[in-house]
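Trainee: With the sequence up front, the predicted model follows.
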Amino acid sequence: KLGIGWKSPGEYQLLPANVAFARAAQQYIQQAKLLVPNWTASCDLPLLLPRMKVVAPRLVTQYFSNARNPEEGDLRHLAQMFVEENKSGDVQRFQAAEPGFRKVIRSGPANAVAVPQSQSDRVLTELKSINPGWHRVLEAGGLVLMLPGNKAPTL
């Protein structure tokens, strides 16, 4: 259940929580532009849903720097920091990341957001301040999926 131990040849070598989230949310995110925490975005979800676009994949700042657009990489990294769990309790981290998050949501790189359950109220409040249509769609694998309208996002 924890994703640790031996696996059979037909099993995924992925975290069970990420697989559970992908299965539950696939109808909403399989073609979405998803903003999600690094521990999920950079690994399991793109493998399970290859048509999905990850707004801030692992090493996003390096990708955009290589494309001669480091500002976009920094912006997306800030947005990702805003949706990640902050176990240190450092409120300044969220305050520093908030402008990047707001810009990514307003300008359109993300049309779906998934956050750890513990951060869902804070992030949903911020999303609703940008667009009141944002709402919770489902919770699975410790993540809460939020969308801006009543239907699945499209490209």
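Mentor: That came in fine, so what should we check first?

Trainee: going forward, measure contacts between C-alpha atoms and count neighbours the same way
Mentor: Fine.

Trainee: Show me the longest helix that occurs in this structure.
Mentor: The longest helix of the chain (DSSP state H) is helix 91-107.

Trainee: and it, what does it pack onto?
Mentor: Helix 91-107 sits against helix 70-83, helix 120-130, with contacts defined as 3 or more CA pairs under 8 Å, 6 or more residues apart in numbering; DSSP states H and E.

Trainee: Which stretch among those is buried most, on average?
Mentor: Highest mean neighbour count among the helices and strands packed on helix 91-107 (mean count of other CA atoms under 10 Å): helix 70-83, with a mean of 22.

Trainee: sorry, back to before: quick check: what element follows the longest helix of the chain along the chain?
Mentor: Per DSSP states H and E, the first helix or strand lying C-terminal to helix 91-107 is strand 112-116.

Trainee: Report the rounded mean pLDDT for that following strand.
Mentor: If you average the pLDDT over strand 112-116, you get 94.

Trainee: the inter-axis angle of that strand versus helix 91-107?
Mentor: If you take axes from the mean of the first three to the mean of the last three CA atoms, to 10 degrees, strand 112-116 sits at 160 degrees to helix 91-107.

Trainee: what's strand 112-116 packed up against?
Mentor: Secondary-structure packing of strand 112-116 (3+ CA pairs under 8 Å, 6+ apart): strand 33-35, helix 70-83, strand 143-147.

Trainee: want to throw these into JSON lines with mean pLDDT?
Mentor: Converted to JSON lines, those look like this (pLDDT from 0 to 100):
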{"stretch": "strand 33-35", "mean pLDDT": "89"}
{"stretch": "helix 70-83", "mean pLDDT": "86"}
{"stretch": "strand 143-147", "mean pLDDT": "95"}
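
Trainee: Looking at the ones you listed, which is nearest to residue 25?
Mentor: In terms of CA to CA, the element of the helices and strands packed on strand 112-116 nearest to residue 25 is strand 143-147, at 7.4 Å.

Trainee: Thank you kindly, that will do.
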